[in-house]
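**Q** Build me a structure from this.
(chains A, B and C)
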Amino acid sequence: MLLSYLPLLIIALFGAGAFYASRARISAAPQRSLPGLPGHYGWYGTLWTVVPATLVYAAWTIIDDQVIRNVVLSDFPDLSGAAATLLYVSIENAAAGVMTDDVPMASVELLLHLENLSAAARFALVTAVSVLGFFWGWRRIRPELTARDRVETALLVALFIASIIAILTTVGIVLSLVVETFRFFQLVSPFEFFFGLEWSPQIALREDQVAASGAFGAVPVFAGTLLITVIAMLVAGPIGLMSAIYLAEYAHPRVRAVIKPLLEILAGIPTVVYGFFAALVLAPSMRNLGVDLGLTISSESALAAGLIMGIMIIPFVSSLSDDIMTAVPMSLREGSYGLGATASETIKRVILPAATPGIVGGFMLAISRAIGETMIVVMAAGLAANLTANPFEAVTTVTVQIATLLVGDHEFDSEKTMAAFALGLTLFIVTLALNVAALRVVQKYSERYE
Amino acid sequence: MVNVSALSDPQPKLVARAVSVYYGGKQALFDIDLDIMSREVTAFIGPSGCGKSTFLRCFNRMNDLIDDCRSTGSMLLDGSDIAGPDVDVVQLRMRIGMVFQKPNPFPKSVYDNVAYGPRLHGMAPTRGDLDEIVETSLRRAGIWDEVKDRVDQPGTSLSGGQQQRLCIARAIAVRPDVLLMDEPCSALDPIATATIEELIDELKSEYTIIIVTHNMQQAARVSQKTAFLNLGRLIEFDETQKIFTNPSEPSTQDYITGRFG
Amino acid sequence: MSSYAATTISSQAAANRLLLRRKRAERRFQLYGILAISAALGFLVVFLASIVSRGYMGFVQTEVRLTVDFDQELIEAGSYRKMLRTSLSELFPNAGSSRAERRTLARLVSAGTVFVLRETVEADPAIIGTVEDVWVLASDPVDQFYKGRIDAALPEEERPISDASLARIAALEAAGRIDLRFNRSFFTRGDSRNPEEAGILAAIVGSALALLVTVVLSFPVGVMTAVYLEAFAPKNRITRLIEININNLAAVPSIVFGLLGLAVFLNVFGLPRSAPISGGLVLSLMTLPTIIISSRAAIRAVPPSFAEAAIGLGASRVQAIFHHVLPAAAPGTLTGAIIGMARALGETAPLLMMGMVAFVVEVPGGFTDPSTVLPAQVYLWADSPERGFAEKTAAATIVLLGFLLVMNGLAVYLRRKFEKQW
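**A** Reported below is the predicted structural model:
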């Protein structure tokens, strides 16, 4: 443990030393006007000391696990794939002190030995690179050195690298989803996935089938997602839009200043709390109500999940609609009022038509949010993939399936887990399309009134 | 002082008595008394911020739209109150139309822009009636020949001057008695301005018109009476000719001759 | 002439009717608006009230005062169970001594009482050989009954507590040996299979560790990205690509980030499952867009004259941005970071993928220890069938909402305080 963090400490110490040494060196130089402050020379020295050493440390750390694993497993040439992984995990556990049976002790000792060796080598190498960098930088500290330029260029490079992380994240998401989905589609045909009516990934249909874990027709899952989303929008659409209208057109600014943040609390409540409320408060009382009315309402009905999700996304509808309506120029309102229109006539005939694109954009964002929401449906909707339009029955959704297929499953290569990634890719593409479209619509709209 | 005797015509269309307007705690208009005569053009002039637009907007209660704006005093249209809390602003605005500083056609077709008011007020029971109202209004606003082939196109696609005439057509389509015009030409080029001014001259045979303008030549050209306001007070109100040739108040003289404002 | 008058009158009447109808439509429309807002806010009130009413009792716990003889022999033999049994049967001498009867008696107090007794002795060895009164946790059914959540009028087989136990509770109450006391163990323990012993400390520490990872990673990277995009980025295709990416990432469903974490961090990089380091990593990628977007807004709000003045005095662009613009944008940046952290704190779905929804008894001591987080604890307890957990779920929710309230309150305070100072 100590040996693994010690190199970082060394780097930090040397880096600080380099700063003061370089600054002292330039301050001692007999020069009146320098291309940079003494501090810039200090940072220049620090960069040479810290950056190469840190890169070496990172590279070593990433590579050494793999190398050690290969060396240790080279004693077992006949093992491969999952069996090798299993063995290696048990060797690692044994090395960490968790004793299990039939672990080859020689390998455990080899592993420990190699780990120590690697840590010591890394320490030595990092220290050496650091020292080399220190002297290399220090020697170059001369009054002619354009230290400020160089340090600032380094800083800009760092800023650029930081911004690249956003791209890397997207690439990571797309790659991980696409790779697993591709593997999934080699086992299950895309046609079956997108058009099949039977979804039961947990149960094998026949003993002898190749993908021996069940049916992967995702239509019931998509239909369930759609049903819950429709219910949610039936709640959030009217309530959100009418709230926005009232806040934008009727409410006194002081009332608006109070109500708007209160409404936005609805979007700030963690979704797990909504899920808890839907599952433990709303669903039981709805079932009881159903019993009183002579209706059969499942305790995991689409209705309960959809209602609560609708409430959660009210602010997504109302906030954007409100902004958009407030952006409709006052002159249009005056024109309408000047002709003797009432407030509601002005809203219905002038403001809403003018704001329609923006409102549509807001609805699309809300729909995308509803489709991607997980915890409410995990807790309040069901697991059973019923193909039904009856809101009193239990349905399942894309996100519920992703969560249940992956949680608690340590093996990563079954059709089940790959199916989860295929669902994830579908979800990603649909929400992305909705968002891009919504942003386009809203952008076009805001250009109109600029 | 305001020459009241010159105003004592038997039947003024609009009467303002002791009108004061406040924005929050700040007073914008101070005790204004004024009579507007029927079928005349009355111009309000004065430096910017003098309250002429605020005063104009009192006549059709557009100031109601501003949250912290309140007014005192009495205002009458044909002898009936228009300032009180019980007044139906919808009916009031039907009788007192308004044209705004910037042309503000609705993002609808030319036809729907003009038909907007008549539809609201149920003035045209049949499509034929509506067509007739639209055509008459556009003709009266002097824009029919330019748009008759494209009444289905959006009103926003017209040029600025055409848009403003469309807004005038829209206002007269509900057959008001009075037209309020709040600097109707300030956003237009000189040629469009000339067209609008001619239109105002024609319209005065049927409507009582009040026009706010910062352009003194325009006031002199189109109006019969002129009111000069400064710092929220009515300084002088008289025949336009008299205001521009021989004003009674020295500050009017100063403003007319361009010494301030 | 008269017909003309008649039509005017009738059309006048029609106009009045129309006007009346329009007025009614106006009032109706306004009413819809008020109804919509009332529905949304009404739900908020019902929602919060139902959670508080279910959860506030979770902060107190029924405890029983036992008189325990800390007998040296028993302690040396490690027979704390016998010590407890003795103490209970002294309280209820008529309880009978068959195995079943003894077990029923022991069910009055929490199953963990034996360990509590041992901890008491270990904490204070001077207690050995004395007879002391000790408050111990009552078992879940006793606790739920004492809090009035179990109806004694139900037939015995329909409630989780026997008639005999009810009689004993009454006796304890008469002797002043049973009481509701502040539930300290809720804040000092980790999860437990016994609802009366379950606490949220492990989850709170897990959340704190994960958030620490998140803030350490996403705050600097987010601010650096914002600075780059606002102040230095050339207007080219790469910049456009970065901007589009950030906007889209902000709208990616959180569970997709979980998939990314599972596939990349756990399976490719081999980071530990259920650990704050892995969970925090995923949360930081998720929070990054929020921080970038709000930081950019904060930087943009600083008047360009700040940087221009510095450049005019001979500063480089980098110096102008870092010395003048960034400090002026700091409050806005900080506000965005706090809001991002608040969202990360409430997030569950991606952590579900990262295995951070786990039964964790031990309070995690480091970034690689198995941990759970506060919302995941809510999720786990909400799934548990015991009555006591329903109350604990609501109580944990109150704690979670409390944290969020504080964080968002701080953000609002910062925004108000530093709003438009130039």
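**Q** Now for residue 53, which secondary structure element holds it?
**A** Reading this off chain A. helix A:38-73 (DSSP states H and E).
**Q** Not quite, go with chain B.
**A** helix B:52-59.
**Q** any residues touching that helix, and which ones?
**A** B:14, B:16, B:19, B:21, B:28-29, B:32, B:44-46, B:63, B:71, B:75, B:77, B:82-83, B:96, B:178, B:180, B:182-183, B:210, B:212, B:227, B:229 (CB atoms under 8 Å, 6 or more residues apart in numbering or on different chains). To be clear about C-beta, it is placed using only N, CA and C from the backbone, and glycine gets the same treatment.
**Q** run the last query once more with 7 Å
**A** Contacts to helix B:52-59, defined as CB atoms under 7 Å, 6 or more residues apart in numbering or on different chains, come from residues B:14, B:19, B:21, B:28-29, B:32, B:44, B:46, B:63, B:71, B:75, B:96, B:180, B:182, B:210, B:212, B:229.
**Q** now do stretch B:116-130
**A** A:339-341, A:345, A:349, B:94, B:106, B:115, B:133, B:170, B:173-174, C:15, C:18.
**Q** Which one (most neighbours) among the residues you listed?
**A** B:Arg170 (31 neighbours; other CB atoms under 10 Å in any protein chain shown).
**Q** So what's the predicted local confidence for residue 409?
**A** Let's take chain A. Reported pLDDT at A:Asp409 in the predicted model: 53.
**Q** Actually, chain C is the one I wanted.
**A** 90.
**Q** Next: B:Asp182.
**A** 92.
**Q** Is it in contact with B:Phe100, as I believe?
**A** Yes: using CB atoms under 7 Å, B:Asp182 is in contact with B:Phe100, at 5.5 Å.
**Q** and the longest strand anywhere in chain C, which strands flank it?
**A** Criterion DSSP state E: the longest strand present in chain C is strand C:60-69. Here strand C:60-69 has these sheet partners by DSSP bridges: strand C:131-137 (antiparallel), strand C:178-182 (antiparallel).
**Q** A:Leu125: what's it in contact with?
**A** A:56, A:60.
**Q** can you rerun that using 10 Å?
**A** A:7, A:53, A:56-57, A:59-60 (CB atoms under 10 Å, 6 or more residues apart in numbering or on different chains).
**Q** B:Asn215 now?
**A** B:43, B:45, B:183, B:185-186, B:193, B:197, B:221-222.
**Q** 6 Å instead?
**A** Under the criterion of CB atoms under 6 Å, 6 or more residues apart in numbering or on different chains, B:Asn215 has no neighbours.
**Q** ok, back up a step: the strands paired with strand C:60-69: which one's closest to C:Ala36?
**A** Comparison of these against C:Ala36 by CB to CB identifies strand C:178-182 as nearest, at 41.6 Å.
**Q** residues of that closest one that come out buried?
**A** C:178-179 (16 or more other CB atoms under 10 Å in any protein chain shown).
**Q** Helix B:52-59 and the next helix or strand after the helix holding B:Ser53, what's the angle between them?
**A** Toward the C-terminus, helix B:52-59 is succeeded by strand B:69-77 as the next helix or strand (DSSP H and E). When axes from the mean of the first three to the mean of the last three CA atoms, to 10 degrees is applied, the directions of strand B:69-77 and helix B:52-59 differ by 60 degrees.
**Q** CA-only coordinates of strand B:69-77, as CSV, when you get a sec.
**A** Extracted C-alpha coordinates of strand B:69-77, given in CSV (Å, rounded to 0.1, in the frame of the first residue of the first chain):
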residue,chain,number,x,y,z
CYS,B,69,-49.0,50.8,-12.7
ARG,B,70,-52.0,52.6,-11.2
SER,B,71,-53.9,55.7,-12.1
THR,B,72,-56.3,58.3,-10.6
GLY,B,73,-58.7,60.8,-12.0
SER,B,74,-61.6,60.3,-14.4
MET,B,75,-61.8,59.6,-18.1
LEU,B,76,-64.9,59.5,-20.2
LEU,B,77,-65.7,58.1,-23.7
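**Q** The one residue sitting closest to the centre of chain B pairs with what?
**A** Nearest to the mean C-alpha position of chain B, by CA atoms, centre = their mean, lies B:Leu180 at 1.5 Å. Going by DSSP bridges, B:Leu180 is paired in beta bridges with B:Met98, B:Ile210.
**Q** Quick check: the gap between it and B:Val174.
**A** 13 Å (CB to CB, to the nearest Å).
**Q** Can you give me the pLDDT of the residue in chain B that chain C sits nearest to?
**A** Of all residues in chain B, the one sitting closest to chain C is B:Gly122 (4.5 Å; CB to the nearest CB). For B:Gly122, the model assigns a pLDDT of 86.
**Q** In space, what's closest to C:Ala263 - neighbours in sequence excluded?
**A** Distances taken as CB to CB, 6 or more residues apart in numbering or on different chains put A:Ser176 closest to C:Ala263, at 3.5 Å, once the chain neighbours are dropped.
**Q** Pull the number of nearby residues for that neighbour.
**A** 23.
**Q** Tell me if it really is in a helix.
**A** Yes: counting by DSSP: H, G, I helix; E, B strand; the rest coil, A:Ser176 is part of a helix.
**Q** At the contact with chain B, which residues of chain C appear?
**A** Residues of chain C lying close to chain B by CB under 6 Å from any CB of the partner chain are C:Leu18.
**Q** helices and strands of chain C: which one bottoms out on pLDDT?
**A** helix C:99-106 (a mean of 78; mean pLDDT, DSSP states H and E).
**Q** ok now the helix or strand just after that one, how far from the chain's centre?
**A** Next along the chain after helix C:99-106, taking DSSP H and E as the criterion, comes helix C:113-123. How far helix C:113-123 lies from its chain's middle: 30 Å, per CA atoms, centre = their mean, to the nearest Å.
**Q** all strands for the stretch 51-200 of chain B, in order.
**A** B:69-77, B:80-81, B:96-99, B:178-182 (DSSP state E, counting those that start in this stretch).
**Q** so of the ones you listed, which one's packed in deepest?
**A** strand B:96-99 (a mean of 26; mean count of other CB atoms under 10 Å in any protein chain shown).
**Q** next one: phi and psi at the residue of the stretch 1-150 of chain C found nearest chain B?
**A** Nearest to chain B in the stretch 1-150 of chain C, going by CB to the nearest CB, is C:Leu18, at a distance of 4.5 Å. Per-residue torsions, C:Leu18: phi -60, psi -40 (degrees, to the nearest 10).
**Q** Leaving out chain neighbours, which residue sits closest to it?
**A** Per CB to CB, 6+ apart, closest to C:Leu18 is B:Gly122, 4.5 Å.
**Q** hmm, back to that, can you add distance to C:Phe232 and give the strands of the stretch 51-200 of chain B back as TSV?
**A** Shown next, in TSV, are those (distance: least, CB to CB, whole Å):
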stretch	distance to C:Phe232
strand B:69-77	47
strand B:80-81	65
strand B:96-99	50
strand B:178-182	47
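**Q** shaky segments in the chain?
**A** No chain specified, so I'll use chain A. Residue ranges of chain A with pLDDT under 70: A:1-4, A:30-32, A:80-82, A:98-101, A:202-213, A:408-413, A:446-450.
**Q** I was thinking of chain C, sorry if that wasn't clear
**A** In chain C, residues with pLDDT under 70: C:1-10, C:419-422.
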